[in-house]
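**Student:** Generate a structure from the sequence data that follows.
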Amino acid sequence: MGRMTETVKTLIIINVIFFVGSSFLIPNIADPLFALWFPKHPNFKLWQLVTHMFMHGGNTHILFNMFALYMFGSNIENALGQSRFLFLYFSAGIGAAALQLASTYYAFLPAYQEFISIGWSDVEIQSYLVEALNTGRFSLHEGVSQINVRNMITAFRVPMVGASGAIFGVLVAFAVLYPNLPLMLLFFPVPIKAKYLIGGYVALDLYAALTGNNIIGPANTANWAHLGGALIGFIIIWYWKKNSFNDRRWN
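**Tutor:** Sure, this is the predicted structure:
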């Protein structure tokens, strides 16, 4: 796909450094500090909206994300320039976090509202959740659904990590700029136009987000994050292409 740009190379190096540090050097410190926690969780910090993009959940996770960044990122940077590429990348990553948090709130709120309706305060609910995490058990209360409580605890305790949202922004930008460029999957060597291959991948994420059934990827994939990154990437690249495109470069 051409020579790797310095910006893409730097992003990959930073991701690898974060991965090695969080996996082997300071594993008990990195996740609480840099993964993106639910805003009501004690570990939540505002900077995690950015730092979570450099955290990954395992070898396969970082390998696929960095491979995609390597394959597509340099082409997008060459088309946009460094500043716009970085704006696209980080905007897509933050957009991914925003949509994933919105979906997490959707799972969190039913039980939260039930607790509020039976007279609990916000502080009491947070203490209940922290105790549930520390003990691995939770008590049931009349007027509060067990299923809703389980969803609430899951939303509260599972942080978000990974560059996937930012990567999806780059992928969609590639599909918009080079829609008819043929691409091939590693294990399916048949050329498919970028708009169909990348569009199909986004469609599978939408299906998984709506149904909870992942056709590709693990069950804990943050599908809404992928969709958030794809949406922001599409909006940005569509606007720039419509208003700023010339035959050589976007300055």
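
**Student:** show me where the stretch 101-250 of the chain has strands.
**Tutor:** Per DSSP state E, counting those that start in this stretch, the stretch 101-250 of the chain carries strands over the ranges 182-185, 188-193.

**Student:** Check which helices and strands the shortest one is in contact with.
**Tutor:** On a contact count with 3 or more CB pairs under 8 Å, 6 or more residues apart in numbering; DSSP states H and E, strand 182-185 meets strand 188-193, helix 194-211. For glycine as for every other residue, the C-beta is placed from the backbone atoms N, C-alpha and C.

**Student:** how big is the angle separating the first one from helix 194-211?
**Tutor:** Relative orientation of strand 188-193 with respect to helix 194-211: 100 degrees, computed using axes from the mean of the first three to the mean of the last three CA atoms, to 10 degrees.

**Student:** Dump strand 188-193 to PDB, restricted to CA.
**Tutor:** Taking Å, rounded to 0.1, in the frame of the first residue of the first chain, the C-alpha atoms of strand 188-193 are listed here in PDB:
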ATOM      1  CA  PHE A 188      -9.900 -14.800   0.700                       C
ATOM      2  CA  PRO A 189      -7.700 -13.700  -2.300                       C
ATOM      3  CA  VAL A 190     -10.600 -12.300  -4.400                       C
ATOM      4  CA  PRO A 191     -10.500  -8.600  -5.200                       C
ATOM      5  CA  ILE A 192     -13.400  -6.600  -3.600                       C
ATOM      6  CA  LYS A 193     -13.900  -2.900  -4.100                       C
END
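
**Student:** And that strand, how far out from the chain middle?
**Tutor:** How far strand 188-193 lies from its chain's middle: 26 Å, per CA atoms, centre = their mean, to the nearest Å.

**Student:** where do the helices sit along the chain?
**Tutor:** 6-20, 27-34, 48-51, 59-80, 82-117, 122-135, 146-157, 164-177, 194-211, 223-244 (DSSP state H).

**Student:** burial count for the spatially closest residue to residue 18 that is not a sequence neighbour?
**Tutor:** Closest residue in space to residue 18, ignoring its immediate chain neighbours: residue 54 at 4.0 Å, by CB to CB, 6 or more residues apart in numbering. Close neighbours of residue 54, defined as other CB atoms under 10 Å, add up to 23.

**Student:** gap between residue 54 and residue 15?
**Tutor:** 5 Å (CB to CB, to the nearest Å).

**Student:** So for these two, which residues contact both of them?
**Tutor:** Here residue 54 and residue 15 share the contacting residues residue 163, scored by CB atoms under 8 Å, 6 or more residues apart in numbering.

**Student:** Run through the chain and note the low-pLDDT ranges.
**Tutor:** 1-2, 186-188, 219, 244-251 (pLDDT under 70).

**Student:** Relative to residue 118, how far out is the residue of the chain most remote from its centre?
**Tutor:** The outermost residue of the chain relative to its centre, with distances by CA atoms, centre = their mean, is residue 142 at 36.0 Å. Counting by CB to CB, the gap from residue 142 to residue 118 is 7 Å.

**Student:** what do you get for residue 78?
**Tutor:** For residue 78, the distance to residue 118 (CB to CB) stands at 58 Å.

**Student:** more crowded one of the two?
**Tutor:** Ranked by neighbour count (other CB under 10 Å), residue 78 and residue 118 place residue 78 first, with 15 against 10.
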